[in-house]
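Q: let's see this in three dimensions:
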Amino acid sequence: MKKYLSFFNLFLTFGLLVSVLAAYANVAQAADYIFSPTPPPRPAGVTEKYTPWPWPIDDDVDVTGYNGRMLLAPRRPGGAPGPPVAVIGALDTLTWEYHYRKGNPCYKVTSTDSADIDELRLFGAGPGVRVDVELWFFDCCKKRVGVWSWKNLAWGANNLLVSNANNVLGNLCGKVIKGFGVKVTVIAGALRINQITFNWEAGTIERDPCKRCCEGKKVMVAVLWSGAELGAFEKTLAPFEQDTGIDVVVESVGRDLPAVLVTRLAAGNPPDVAVMPNPGQMKEFAEQGALIPLNDLQNLADHPRAFLDLGAIDGNIYGVFISADLKSLVWYSPKAFAAKGYEVPISWPALIALCNKIVADGGTPWALGMESGAASGWVGTDWVEDIMLRTAGADLYDKWVNHEISWTHPAVKKAFEYFGQIVKAPGYMYGGATGALTIFFGDSPNALFTDPPGAYMHRQATFIQSFIKDANPDLVASEDYDVFTFPPISPEFGNPLLGAGDVISAFNDRPEVRVLLNYLASAEAQEIWCGELGKLAINKNVDPSIYPDPITAKAAMMVAEAETFRFDGSDLMPAAVGAGTFWTGVLDYVSGVPLDTVLKAIEASAIEAYGG
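A: The predicted model follows:
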């Protein structure tokens, strides 16, 4: 949206209030003080603490039209002016750099009919002082797009008026601006500066996504994808490369990516950006100081808090989620439910009551199949994980995944026992325990669509829809089959979601890297990526029409509204446990092996796999 300012000779006013220690003795050695917006090093003898106020009151063109003074100042808590911060003596420099509020777009100067610096005035005491002054603008890649210098200026009694120059901004036409800077170098004498006021009059400016300021730069991205996923990612990048001029080089490493990243990081040549295999490895890299914080990416404002938290370590965001897969779903036939007068349960007691009602009516509540060849058992581990989130909460779930609590912990046993309320209850399972152990997982939902229904509910992830449609091509999504969220159990833990996701992190901090990550967090990028693959977008502004059916759109809405989201626990555990004894332990439990025996066996393998 364009904002027309200069046609009405609107003045853009920037005020930087900086209190500086009064000092009239020359210093022996030159020093540079940077305020950007971190305050400069505190001079010796100044002990009073203050809190910098890092951003202006409001710098949004759409709101203010730049018709008000904007402040950048050291402040005490509560807003009172801060104490002095630096000595300005002979050969010292003071530099202020002002960036438009993090997350805001850049601004492009599209005409400069009457562009001039109306006033650059420095206020403060400094009789006999002479200074050099430099003023510059820069774009989102911190590249200077305009520099003006004034040399050997004499300070007045209490201020210095640098310029009333007309049309000196003419060469800004067509430039994209993200901020500006002022540097004052004291040539002789010493002074204190109380205020810098910078008023400039531009022609027409408009919001600009700051896309092409990194043109010609290159970003290396390491991914584990191949085939359709790799093709979808390259398609996602195509408009970004065209719009920005940034060359994104994608390296498909495959499933060896976790080891490759460790090796390359140790060798000092990690990729700029990498798809993290899971949040666990992202956390390891972040704790090593290898990843850059991404808190300032504009498009993260449109991501659910659950995914910001999942990508954060100690308050800093290191992982950007671009899609998710949801597992906390129960599939059912609305027509079958309606025929019997059944209602979707919204709590665990209501779920058990529904199961008992179905059994009393001569039906079978659940279709569950855990056969998956060498991977048999993972279906049951998903059940336990979903229950663990709801009975123990996300924090204890994380400790369990990291083996900070044992498998014999009461919370783990409780989760298995809740699972047992389903798989061990008489009449609850289609085919009984034998059916659960021997039916192929992809075939198990078909029991919902026989006449009469062989079962009424099936818990599985979003991907199972492809199996349902392949086996039952005449079924219509949301009419013949639909989903509801796996219900909460303990009210204090709400209704967390279990699933998986694609998370991207950055090892190298360069402007073009941040521009790419911000794009991948955008609705534009995720509409392409998720539209190609049927994944669930994270950005809440993604157009729901990209989804192929109303159920996928509903699942995406669940993700967008999630308060807590956790990765599949078995995928985060060492393979010997997560893809080993946990899988087999679930099968043993359903087969009738005592639960304590099962948990002790998994714990023994975990001690070895986790190293104690």
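
Q: starting at the chain centroid, how far to the helix of greatest length in the chain?
A: Using DSSP state H to define each element, the chain has its longest helix at helix 378-401. Chain-centre distance of helix 378-401: 23 Å, with C-alpha atoms, centre = their mean, to the nearest Å.

Q: which neighbouring elements make contact with that helix?
A: Applying 3 or more C-beta pairs under 8 Å, 6 or more residues apart in numbering; DSSP states H and E, we find helix 378-401 packed against helix 410-423, strand 457-459, strand 497-506, strand 565-567, helix 569-572, helix 582-591. Any C-beta I mention is one placed from the backbone N, CA and C, and that applies to glycine too.

Q: whichever helix or strand comes after the third one vs strand 497-506, what angle?
A: When you say that, I think you mean strand 497-506. Next along the chain after strand 497-506, taking DSSP states H and E as the criterion, comes helix 511-520. Orientation of helix 511-520 against strand 497-506 (axes from the mean of the first three to the mean of the last three C-alpha atoms, to 10 degrees) gives an angle of 160 degrees.

Q: helix 511-520 packs against which elements?
A: strand 218-223, helix 227-244, strand 273-276, strand 320-326, strand 497-506.

Q: about what we covered before: possible to save the helices and strands packed on helix 378-401 as a markdown table with distance to Glu234 and mean neighbour count?
A: Formatted as a markdown table, the helices and strands packed on helix 378-401 follow (distance: least, C-beta to C-beta, whole Å; neighbours: other C-beta atoms under 10 Å):
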| stretch | distance to Glu234 | mean neighbour count |
| --- | --- | --- |
| helix 410-423 | 41 | 18 |
| strand 457-459 | 35 | 26 |
| strand 497-506 | 15 | 24 |
| strand 565-567 | 25 | 25 |
| helix 569-572 | 25 | 20 |
| helix 582-591 | 34 | 21 |
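
Q: nearest to Asp549, of these?
A: Ranking those by proximity to Asp549 (C-beta to C-beta) places strand 457-459 first, at 17.1 Å.

Q: ok, and what's touching that closest one?
A: With contact meaning C-beta atoms under 8 Å, 6 or more residues apart in numbering, strand 457-459 is reached by 329-332, 365-368, 382-383, 386, 444-445, 447-448, 464, 486.

Q: give me the buried subset of those.
A: Among the contacts of strand 457-459, the ones that count as buried by 16 or more other C-beta atoms under 10 Å are 329-332, 365-368, 382-383, 386, 444-445, 447-448, 464, 486.

Q: what's the helix or strand for the residue sitting furthest away from the middle of the chain?
A: Taking C-alpha atoms, centre = their mean, the residue of the chain most remote from its mean C-alpha position is Gly128, at 53.0 Å. For Gly128, there is no host helix or strand (DSSP H and E).

Q: same thing with Leu291?
A: Going by DSSP H and E, Leu291 is not in any helix or strand.

Q: look up the closest residue to it, ignoring the ones flanking it.
A: Tyr318 (4.5 Å; C-beta to C-beta, 6 or more residues apart in numbering).

Q: got the contact list for the one you found?
A: So Tyr318 contacts 282, 285-286, 291-294, 311-312, 505 (C-beta under 8 Å, 6+ apart).

Q: switch the cut-off to 6 Å
A: 282, 286, 291, 505 (C-beta atoms under 6 Å, 6 or more residues apart in numbering).

Q: now Leu135: which helix or strand?
A: Going by DSSP H and E, Leu135 is part of strand 130-138.

Q: I meant to write Ala553 there.
A: helix 550-560.

Q: just the CA atoms of that helix, as CSV, please.
A: Extracted in CSV, the C-alpha atoms of helix 550-560 (Å, rounded to 0.1, in the frame of the first residue of the first chain):
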residue,chain,number,x,y,z
PRO,A,550,-12.2,-30.3,4.2
ILE,A,551,-10.7,-32.8,6.6
THR,A,552,-7.1,-31.6,5.8
ALA,A,553,-8.3,-28.0,6.2
LYS,A,554,-9.9,-28.9,9.6
ALA,A,555,-6.6,-30.5,10.7
ALA,A,556,-4.7,-27.4,9.7
MET,A,557,-7.1,-25.3,11.8
MET,A,558,-6.4,-27.6,14.8
VAL,A,559,-2.7,-27.0,14.3
ALA,A,560,-3.1,-23.2,13.9
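
Q: packing partners for that helix?
A: Here helix 550-560 touches strand 320-326, going by 3 or more C-beta pairs under 6 Å, 6 or more residues apart in numbering; DSSP states H and E.

Q: show the average pLDDT along the strand it packs on.
A: Mean per-residue pLDDT for strand 320-326: 95.

Q: now find how far off-centre the helix or strand encompassing Lys183 is within its chain.
A: For Lys183, the host element (DSSP H and E) is strand 179-188. Here the centre of strand 179-188 is set off from its chain's centre by 37 Å, with C-alpha atoms, centre = their mean.
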